[in-house]
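K.L.:
have a look at this fold, sequence not included:
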């Protein structure tokens, strides 16, 4: 069966979980329309903004362990894969992630009252894998690892690709002190591969007898791969339908201080098209070796193992939730051109909480905004990011990196994230000028 090349493109990379979001793009909120993908309450300073189709994209690659540990220098001066070294250096739970976002269209326009409406379409791919130190040790050293006690339950895979189409609204309330926004999204699922989160898989090898004890429970792999190259199915009607919502709010405490919250990707996808469920029967079995006595009439080892490791294939629909993320931010307006922000970010996946702290500074000039930020994770990893937005007439270009040093030495990096694109912008709304009235006191006439 021929699979759609569009679906396979998003599943051709093995990557994974607890990912870092696009913090540098988030710090461009209020300057670039695409930042509404992360901060729905931000309002563009332009009356109309139209993205150039497909030329707005972002990519994130993240790992808890630097990629340099997976390689060593060989005799020829090149690099060779060294899984043993990598297995020794990784954390107990090593998370990997690869994500892409292609903005097909984003149109925003302001009403006379200052509120903003938007319509948008995106193609997203979010791929997660969590591999424990035990899994890598089992791959590199076999059953001798950890005295033969191998727990594979922490292996986790969740890859998903989908298109989303929706409308957004942001408006001001309470005498312009409160800005609130909402985006409603129709989601069209393209492809999914995932392991049941409740899987329990353990292997124990007795060092004296070499008997293998195998225990499995709730082991299931769910897949849905779109089997169509039709563009309308790809964009709108794959049969895998879902809905999502983004929420955001910002409150202006005084002239300089504001607080805001952004909640992104609340929702789910119901997978019905080309669904396959591979269910491994629960096992509690000890393998004692092969019987070499042909005179004993027993079930062959091959048949015995086939009965034990019997897999059932179903076509049952299933539902997966979107990976929700939250930003909590405090802003301090140093001056009209300078903004300092402190944010706490978290992404909720597998019921885990791993917060990150982001400190960002942005300076706005006549036609350009530049910014710098530092992000710090609970794993004691720090990154330095840069962002830029500049206008050339009615053409806007933006660029955002979350780890600029990762581009210089990618082999030592844990993170590489960039977003870039072009927009047509029209009618910048001018901020009211600050007018200082002077009081002139004259002497009374004598």
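P.N.:
Everything's here; your move. Please read these numbers as outputs of a predicted model, since none were measured by experiment.
K.L.:
hang on, residue 40 in a helix?
P.N.:
No. Under DSSP: H, G, I helix; E, B strand; the rest coil, residue 40 sits outside any helix and is assigned coil.
K.L.:
my guess is it meets residue 167, correct?
P.N.:
No. Using C-beta atoms under 8 Å, residue 40 is not in contact with residue 167, being 11.2 Å away. All C-beta atoms are positioned from the backbone trio N, CA, C, and that covers glycine.
K.L.:
between these two, which has more neighbouring residues?
P.N.:
Neighbour totals were compared for residue 40 and residue 167, and residue 40 leads with 25 against 13 (other C-beta atoms under 10 Å).
K.L.:
low-confidence stretches in the stretch 301-446 of the chain?
P.N.:
Within the stretch 301-446 of the chain, the stretches with pLDDT under 70 are 301-307, 350-353, 378-380, 406-413, 429-446.
K.L.:
now with 90?
P.N.:
For the stretch 301-446 of the chain, residues meeting the criterion pLDDT under 90 lie at 301-312, 323, 347-355, 366, 376-383, 403-418, 427-446.
K.L.:
strands of that one, start to end?
P.N.:
Using DSSP state E, counting those that start in this stretch, the strands of the stretch 301-446 of the chain run over 311-314, 318-321, 324-333, 338-348, 356-364, 368-377, 382-392, 395-401, 415-428.
K.L.:
quick one: which of those strands is nearest residue 92?
P.N.:
For residue 92, the closest of these is strand 368-377, at 16.0 Å, according to C-beta to C-beta.
K.L.:
so what strands line up beside that closest one?
P.N.:
Under the criterion DSSP bridges, strand 368-377 sits next to strand 356-364 (antiparallel), strand 382-392 (antiparallel) in its sheet.
K.L.:
could these be laid out in JSON lines, adding distance to residue 267 and mean neighbour count?
P.N.:
JSON lines is the format used below for those (distance: least, C-beta to C-beta, whole Å; neighbours: other C-beta atoms under 10 Å):
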{"stretch": "strand 356-364", "distance to residue 267": "23", "mean neighbour count": "18"}
{"stretch": "strand 382-392", "distance to residue 267": "28", "mean neighbour count": "19"}
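K.L.:
quick check on residue 191: phi, psi?
P.N.:
Main-chain torsions, residue 191, degrees, to the nearest 10: phi -160, psi 150.
K.L.:
and residue 62, bridged to which residues?
P.N.:
Residues in beta-bridge contact with residue 62 (DSSP bridges): residue 97, residue 415.
K.L.:
no wait, residue 399
P.N.:
Taking DSSP bridges, one finds residue 388, residue 420 as the beta-bridge partners of residue 399.
K.L.:
residue contacts, it?
P.N.:
By C-beta atoms under 8 Å, 6 or more residues apart in numbering, the residues touching residue 399 are 387, 388, 389, 418, 419, 420.
K.L.:
circling back to that earlier point, okay, the strands paired with strand 368-377 in JSON lines with distance to residue 262 next?
P.N.:
Below are the strands paired with strand 368-377 laid out as JSON lines (distance: least, C-beta to C-beta, whole Å):
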{"stretch": "strand 356-364", "distance to residue 262": "12"}
{"stretch": "strand 382-392", "distance to residue 262": "17"}
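K.L.:
so which of those comes closest to residue 333?
P.N.:
Smallest distance to residue 333 across these (C-beta to C-beta): 10.4 Å, for strand 356-364.
K.L.:
quick check: closest non-adjacent residue to residue 355.
P.N.:
Spatial nearest neighbour of residue 355, chain neighbours left out: residue 346 (4.8 Å); criterion: C-beta to C-beta, 6 or more residues apart in numbering.
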